[in-house]
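J.: Prediction below, plus the sequence it came from.
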Amino acid sequence: MNKLLHHKWTPWVLLALAAAFPFVAGAIEANYLVRVGGVIGLFMLLGLGLNFTLGYAGLFDLGFIAFYAVGAYTTAIAMKAGAPGALALVLAVLVTLAVRALLGLTILRLRGDYLAVVTMGFGEIARLTINNLDSLTNGPKGMQLAPWRPLGFLSADPNVQYYLMILAAVAVSCVASRRLEDSRVGRAWIAIREDEIAARLSGIPVREYKLLAFTLSAAFAGLAGGLFAQWEQFVTPESFVFWESILVVSIVVLGGMGSIPGVLVGALVLVGFPPLMQWKLSADWINYRYLFFGLILVLVTLFRPQGILPSSRREAELTS
Amino acid sequence: MTKKHSFLLEVKDLAQHFGGLKAVDQVNLCINEGEIVSVIGPNGAGKTTFFNVRTGVYPGTRGESVFCGTEIRGKHCHDIVCRGVARTFQNIRLFANMTSLENVMVGRHGRTSQFLLGPLLRTKAFKQEEKEIEHMAKELLEFVGLKSLGNELAKNLPYGAQRKLEIARALASEPKLLILDEPTAGMNPTESQDLVTLVRKVRDRGVTVLLIEHQMRVVMDISDRVIVFDYGVKIAEGKPKEVVANARVIEAYLGKEGA
Amino acid sequence: MLIQQLINGLTLGAIYSLIALGYTLVYGILTMINFAHSEVLMLGSFMALGLAVALPSIFGGGPIGLVGMFVLSMAGAGIINVVIERFAYRPLRHISRLAPLISAIGVSIILQNGVFIWVSTQSLRFPEPVAIDQVNVMGATISTLQIIILAAALLLMAILHFFVEHTKLGKAMRACSDDIQTAGLMGINPDYIIALTFFVGGALGGAAGVLYGMNYGSIKYNLGFLPGAKAFTAAVLGGIGNIRGAVLGGFILGFLEVLASGYIPNGAQWRDVIAFSVLIIVLLVRPSGILGEKLAEKV
């Protein structure tokens, strides 16, 4: 099992299966499963993003969904102003990075639980601001987006198109995460997480590297937010409440902090399970979903603090 | 001895005050290249604080600390490391959930440069540098005698091995000066002896060693020179034999009655 | 107008102070944010409502019923807080600083959604404890409700002060908050004192929940989040871990919020943004708070 999990071809096989999924699933239950798959993918992106901050650098962030919101609203506003879809996505990533960098510059000297509270505060500030800035965001009524359907040649169904785009984004993000993790930069982040002072005295400019991890996180959130807005063609502040930030934290904690496969499985379980239950059992199930997240957080921290698929360190060849 | 030459490290009137407490005050000392110098003193004499100022953990209140001709007091830790000062800790501070090899590889950080694009695109330069980092890390693990434990997580190593791993990590930054904060604390005589041998080997690599030590046997054994602290000030300095005969040192350790 | 606002600020500040005390007591002893405290507050108000609905003849009105409702809800909230500590925090005490925080967030979600699913998804009307009269003081209107809230809050703070400063258990609590290991060596059972601290903090939170219900006249499963987050702000503002600081911070925040909604254009809409901005600014500028001490890490 373990061997299979770490086999060179495993990720590619999984990717191929995931790409084939909408074409198979369409035969079973039209849109529903593909939509669920797309949402899982968006949260995989968010999880992979938060993994830089929380998993690698060990910085606790309880307001991450704010950056998903910034990405979504940037896209909506840019497209309303006439920008083409692709440009809107690029803008979403850039604006989100910039906002995140500014926030990081101000708050990253705070440590541990203070950082958690401040990011939570920022998450609320962001949501309330979006809610109150009627002139720019149309407030609680939300914003409509013009359709952008670049993958029309693959499928007529927009759900399938966005599913595939999100899947591609997840795949690229996994590769980027893995490559950074397995480099001088990734080692520096993990060293900071393990012991900040020892990291400083090993020659790592800790402040800069924390800011880097914190900021890079936002690229994933911005992209996810942009894709979300274009797919739904509608955004409201309602989608970005505090509990969604908690959900992303749960994904990373459940999967195993700093573990890419862990984040993927975490998102699959936490985001995929409740709608699946709702579909198979009863509609009431959706009400239990947060209760389920809460239980997972408590049980995982108590009984399996390293997560379901903890990150394993790379083994080096020692005989040379 | 007084012939005109520049020192590796020259500390002038260094002080670190915490409010009214003068943890370190008016410290002057010089260290030559290639020496092993020990700093001793009773508990709370200010030894570790002095090292913390030296390595940039504390900013220092006053004074100069000149290393290889440049003032380094108040500079960032990582900057000081890159200039060639590395250290270990009194309470071992390893990256617990990284392997031994990775711990040493982190130590190379300041001597390497590949940033975001290199790792993301897996460029030739990046691969080359990774290979070099790994090679050097393995060489250092072998040097301290931990090669077979390279893939173990640092937290799973036995105590003595953790001390050695800290030294290997510090050496990875190619320091000119290595500061060891109580390297033999909590070790039995055999382990201490082992470490003394290692410290000599480190010096033979061309690294100057400054250490804080409590075990007098170790100090007498390896030091070229000994510096004694008490209440934040330097009270004596000299060859090990001279220092143990010094009246003020005996007084500091045993009190007036004991002298 | 100003006097009216100040009185409203005083009422709101009293509630924030009570909640902030719960955060600060726990933080003082374990240096952890009891994230579930806002849910303890919410449960306090639901227990009071439960009593009033189940036994209207006793708890439906009148001073004795009111006191009884307070005491029982406080005891219940205190016990809940102790149970949370025992099962969700204690096993994690020595693991890392993040683990108890994650667990606390989990507990918070469970409690809130438990009430959402099994009690009510909607707002419930909170009964008026006494017939409400208006009193005029210097042109400002004070309701009897505000007087009750303020009196109850001040009384509880006075009791807490007496308990912490003048009783043996209070002394043990202060000792643990100073240095829990040394206190343990002096023959104090830290587990017992920690449980006691959670009980006291929870009871104050429960009382704040009841007052909150009275003040707004309705309660809902998610009522704890905002006042909880803001009261935490108040505790940090005053200096977290510091009892007087929590009270001071609570009142400052109460006034600030009321004045912001009264005098800034569209202030009511922005007052939560203002409260959270204050939190961020205080943490950045003076993380030790107004009355707190600075801590440094030993290398």
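T.: Received the coordinates, thanks.
J.: Let me know the helix or strand that A:W12 is in.
T.: According to DSSP states H and E, A:W12 maps onto helix A:10-28.
J.: by contact count, what packs against that helix?
T.: helix A:32-50, helix A:158-181 (3 or more Cβ pairs under 8 Å, 6 or more residues apart in numbering or on different chains; DSSP states H and E). For every residue, glycine as well, the C-beta is placed using N, CA and C.
J.: In space, what's closest to B:K176 - neighbours in sequence excluded?
T.: B:G84 (3.9 Å; Cβ to Cβ, 6 or more residues apart in numbering or on different chains).
J.: Can you verify my assumption that the one you found contacts B:L177?
T.: Yes. Counting by Cβ atoms under 8 Å, B:G84 sits close enough to B:L177 to count as a contact (6.4 Å).
J.: coming back round to it: I'd like the distance from the residue nearest to B:K176 to chain A, if you could.
T.: Separation of B:G84 from chain A (Cβ to the nearest Cβ, to the nearest Å) stands at 10 Å.
J.: Kindly report the same for B:V144.
T.: From B:V144 to chain A the distance is 14 Å (Cβ to the nearest Cβ).
J.: Tell me the secondary structure at A:A229.
T.: Assigned by DSSP: H, G, I helix; E, B strand; the rest coil, the conformation of A:A229 is helix.
J.: who touches it in this structure?
T.: Contact analysis of A:A229 by Cβ atoms under 8 Å, 6 or more residues apart in numbering or on different chains lists A:G71, A:A72, A:Y73, A:T75, A:A76, A:L145, A:V235.
J.: Looking at those, which one is closest to chain B?
T.: For those, the residue nearest chain B by Cβ to the nearest Cβ is A:G71; the value is 20.4 Å.
J.: from what I can see that closest one touches A:F220, true?
T.: No. The criterion here is Cβ under 8 Å, and A:G71 misses it with A:F220 at 9.2 Å.
J.: Which one's more surrounded, these two?
T.: Taking other Cβ atoms under 10 Å in any protein chain shown, A:G71 and A:F220 do not tie; A:G71 has more neighbours (34 against 29).
J.: With adjacent residues omitted, what lies nearest to that one?
T.: A:G225 (2.5 Å).
J.: Low-confidence ranges, the stretch 1-150 of chain A, go.
T.: A:1-3, A:5, A:25-30 (pLDDT under 70).
J.: which is the next helix or strand following the least confident helix or strand in chain C by mean pLDDT?
T.: In chain C, no helix or strand scores lower on mean pLDDT, DSSP states H and E than helix C:56-59, which sits at a mean of 76. Using DSSP H and E, the helix or strand that follows helix C:56-59 in sequence is helix C:63-84.
J.: mean confidence for that next one?
T.: The predicted model assigns helix C:63-84 a mean pLDDT of 93.
J.: Over to stretch A:305-320?
T.: pLDDT averaged over stretch A:305-320 gives 76.
J.: ok, back up a step: mind putting the helices and strands packed on helix A:10-28 into JSON lines with distance to chain C?
T.: Output for these, formatted as JSON lines (distance: least, Cβ to the nearest Cβ, whole Å):
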{"stretch": "helix A:32-50", "distance to chain C": "13"}
{"stretch": "helix A:158-181", "distance to chain C": "20"}
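J.: Now C:G202: closest residue in space that isn't a chain neighbour?
T.: C:N81 (2.7 Å).
J.: how deep is that neighbour tucked in, by neighbour count?
T.: 30.
J.: could you measure A:A126 against A:F64, distance?
T.: To A:F64, A:A126 is 11 Å away according to Cβ to Cβ, to the nearest Å.
J.: meant to ask about B:V66
T.: 46 Å.
J.: Am I right that B:Q90 is in a helix?
T.: No. Going by three-state DSSP, the assignment for B:Q90 is coil, not a helix.
J.: what pairs with the closest residue in space to it that isn't next to it in sequence across the strands?
T.: Counting by Cβ to Cβ, 6+ apart, B:D181 is the residue found nearest to B:Q90 once chain neighbours are left out, at 4.4 Å. In this entry, B:D181 is beta-bridged to B:I212, by DSSP bridges.
J.: B:D181 against B:T49, yeah?
T.: No. Taking contacts as Cβ under 8 Å, B:D181 lies outside contact range of B:T49: 11.0 Å.
J.: what's stretch B:135-142 in contact with?
T.: A:316, A:318, A:320, B:100-101, B:104-105, B:107-108, B:147, B:149-150, B:165, B:168, B:171-172.
J.: likewise stretch A:79-98?
T.: Contacts of stretch A:79-98 (Cβ under 8 Å, 6+ apart): A:67, A:70-72, A:74-75, A:78, A:143, A:145-146, A:148, A:150, A:215-216, A:218-219, A:221-223, A:225-227, A:230.
J.: who touches the residue positioned nearest the centre of chain C in this structure?
T.: Among the residues of chain C, C:I19 comes closest to the average C-alpha position under Cα atoms, centre = their mean, at 1.2 Å. Residues near C:I19 by Cβ under 8 Å, 6+ apart: C:H37, C:S38, C:L41, C:L204, C:G205, C:A208, C:P227, C:G228, C:A231, C:A234, C:G250.
J.: Kindly report the same for A:L48.
T.: A:V170, A:S173, A:C174, A:S177, A:F220, A:I260, A:V263.
J.: which residues sit in contact with the fourth one?
T.: Residues near A:S177 by Cβ under 8 Å, 6+ apart: A:L48, A:N51, A:F52, A:I260.
J.: Check the closest residue to chain A within chain B and give its pLDDT.
T.: Chain A sits closest to B:G110 of chain B, with a gap of 2.8 Å, by Cβ to the nearest Cβ. At B:G110, the model reports a pLDDT of 91.
J.: Work out for me the element the nearest residue to it once chain neighbours are set aside sits within.
T.: Among residues not flanking B:G110 along the chain, A:G203 sits closest, at 2.8 Å (Cβ to Cβ, 6+ apart). A:G203 is part of no helix or strand when elements are defined by DSSP H and E.
J.: looking at it, A:G203 is touching B:H78, isn't it?
T.: Yes. Assessed by Cβ under 8 Å, A:G203 is found in contact with B:H78 at 4.9 Å.
J.: The two: who's more crowded?
T.: Taking neighbours as other Cβ under 10 Å, A:G203 and B:H78 compare with A:G203 leading, 26 against 23.
J.: Dihedrals phi and psi, that one?
T.: Torsion angles at A:G203 (phi, psi; degrees, to the nearest 10) stand at phi 90, psi 10.
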